[in-house]
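Participant: fold the stuff below for me.
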Amino acid sequence: MLIETTFHVHRNILEKLNNAALRSGKARTSIIKLIMQRMMQNNQKMIKGNSRIQYQKRDLKVNWNRIHIALNEYEYEYYQDIRKFFKMSISLILAYAVLQYLDEVLKEDINTDKYLFRHYALIKKVFEGTTCWQIYWGIPTNLNDSTYSPT
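Facilitator: Take a look at the predicted model:
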């Protein structure tokens, strides 16, 4: 199932994405998914707690664009999670990802994989009437570690 959503993108970021799509021959949506995946891989430095959601700096209305994107349910859930944990709007996260990872991703010879988020899991557990959510971003390196318990 695909979920359609939009990003609120500054013209400078949109220009970088469009140029990257032209140079690489990849669709803009594929590039967005690749750089957002890079955010997942480098998430430890981004996680914040106990603060409000940050948004992009204001600018003239003429400098903003909406881009539409269709995400599978795992991608959409992941984007919602990183919004919650990074305390940033998804559009700000995209802008950050473009500035931080776009050149790096374009230098690599990455085949676009429609299952980029296959190592994402959201597991619900109920203990004595209390609901607990476990979120996994990636595969644990040591499955024998006692802290890993997906069941």
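
Participant: now do the spatially closest residue to Phe85 that is not a sequence neighbour, the pLDDT please.
Facilitator: Nearest residue to Phe85 in three dimensions, chain neighbours excluded: Ile47, at 5.0 Å (C-beta to C-beta, 6 or more residues apart in numbering). Just so you know, the C-beta spots here come from the backbone N, C-alpha and C atoms, and that holds for glycine as well. On pLDDT, Ile47 comes in at 78.

Participant: wait, a strand at Ile47?
Facilitator: No: counting by DSSP: H, G, I helix; E, B strand; the rest coil, Ile47 is not part of a strand but coil.

Participant: roughly how far apart are it and Met39?
Facilitator: From Ile47 across to Met39, the span is 11 Å (C-beta to C-beta, to the nearest Å).

Participant: so between these two, which is more surrounded?
Facilitator: Met39 (20 against 11; other C-beta atoms under 10 Å).

Participant: low pLDDT regions in this structure?
Facilitator: Filtered on pLDDT under 70, the chain yields the residue ranges 109-119, 139-151.

Participant: could you pull out the strands for it?
Facilitator: Along the chain, counting by DSSP state E, strands occupy 2-10, 64-72, 120-127, 130-137.

Participant: would you turn those into TSV with distance to Ser24?
Facilitator: As requested, these are exported to TSV (distance: least, C-beta to C-beta, whole Å):
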stretch	distance to Ser24
strand 2-10	18
strand 64-72	17
strand 120-127	25
strand 130-137	26
